[in-house]
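Participant: turn this into a structure:
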Amino acid sequence: MMNENFMHSYRNTFVLTVCGTAISLAFTLLMAYGLSKRWLRGRRFLNILVLFTMIFHGGMIPTYLVVRELELLDSYWAIYLTGAIFPFLLIIMRSFFASFPMELEEAARIDGCGELRLLLRIVLPLSVPSVVTIALMYAVAHWNNYFQAILYLNNAAKWPIQSFLRQFLLDSDTGMLRSVGGYEYGPPVKMAAVVVTALPLVLCYPFLQKYFNQGMMIGSVKG
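Facilitator: Now for the predicted structure:
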């Protein structure tokens, strides 16, 4: 039973990570691109709001009440939307888009490109290091997220691997978790579960490291 629950929570984590990263990346790129344009009305005010959210947070209880009023409890959308945008990552992408050559954008507009097509066909293909960096950081955040799942998901069958692992370690420490043969799980089994949980991110990082280093430097220095 424990093995089935473990694999089920693993699948939940992949769904949360892939969908959550895609949603966060879409929101961040669209908002960062808009905030990088000087012609946007209210741009200064919106930038101040983004900085404000880095200093002051709405709080756990107000956020929970909003999620409950929207009837998103026990739904993955509660996790997707409450963590859709990280202000720090938004500022990195905004700084990168602001440093994009205006001549290239003007040439694309002369050829008939609209703003959305310009973003998808011109800007994003030239922003691969920064986009991969942001995607990796969002993926790590969604993969390691356990508290929001415990807070918003009442059904334990929907929990990601991190929440399941937390409960597994707590139950094993209190002696409540036993195998079919009555054997209590010891430290080797618990440490193996921790390693298996972290393994996918460890395996992915070497392939994305070159984008990560380059993307962080570009997005944080320019602008």
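
Participant: the helices in this protein, which residues?
Facilitator: All helices of the chain, identified by DSSP state H, fall at 2-35, 43-55, 60-69, 76-82, 87-98, 102-110, 115-118, 128-144, 147-152, 161-173, 187-221.

Participant: for those, give me CSV that also has mean pLDDT.
Facilitator: Shown next, in CSV, are the helices of the chain (pLDDT from 0 to 100):
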stretch, mean pLDDT
helix 2-35, 88
helix 43-55, 88
helix 60-69, 91
helix 76-82, 92
helix 87-98, 88
helix 102-110, 82
helix 115-118, 83
helix 128-144, 88
helix 147-152, 90
helix 161-173, 78
helix 187-221, 70
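
Participant: want to try JSON lines for these, with mean neighbour count as columns?
Facilitator: Yep, even glycine has a C-beta here, placed from its N, CA and C like the rest. Formatted as JSON lines, these follow (neighbours: other Cβ atoms under 10 Å):
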{"stretch": "helix 2-35", "mean neighbour count": "17"}
{"stretch": "helix 43-55", "mean neighbour count": "12"}
{"stretch": "helix 60-69", "mean neighbour count": "13"}
{"stretch": "helix 76-82", "mean neighbour count": "19"}
{"stretch": "helix 87-98", "mean neighbour count": "20"}
{"stretch": "helix 102-110", "mean neighbour count": "12"}
{"stretch": "helix 115-118", "mean neighbour count": "13"}
{"stretch": "helix 128-144", "mean neighbour count": "20"}
{"stretch": "helix 147-152", "mean neighbour count": "18"}
{"stretch": "helix 161-173", "mean neighbour count": "18"}
{"stretch": "helix 187-221", "mean neighbour count": "14"}
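
Participant: residues touching residue 87, list them.
Facilitator: By Cβ atoms under 8 Å, 6 or more residues apart in numbering, the residues touching residue 87 are 50, 51, 53, 54.

Participant: which one is it nearest to, not counting chain neighbours?
Facilitator: residue 54 (4.5 Å; Cβ to Cβ, 6 or more residues apart in numbering).

Participant: touching, the one you found and residue 88? I think so.
Facilitator: Yes - with contact defined as Cβ atoms under 8 Å, residue 54 and residue 88 form a contacting pair (6.7 Å).

Participant: how close does the residue nearest the centre of the chain sit to residue 47?
Facilitator: Centroid-nearest residue in the chain, with Cα atoms, centre = their mean: residue 138, separated by 2.8 Å. Noted for residue 138: a distance of 21 Å to residue 47, by Cβ to Cβ, to the nearest Å.
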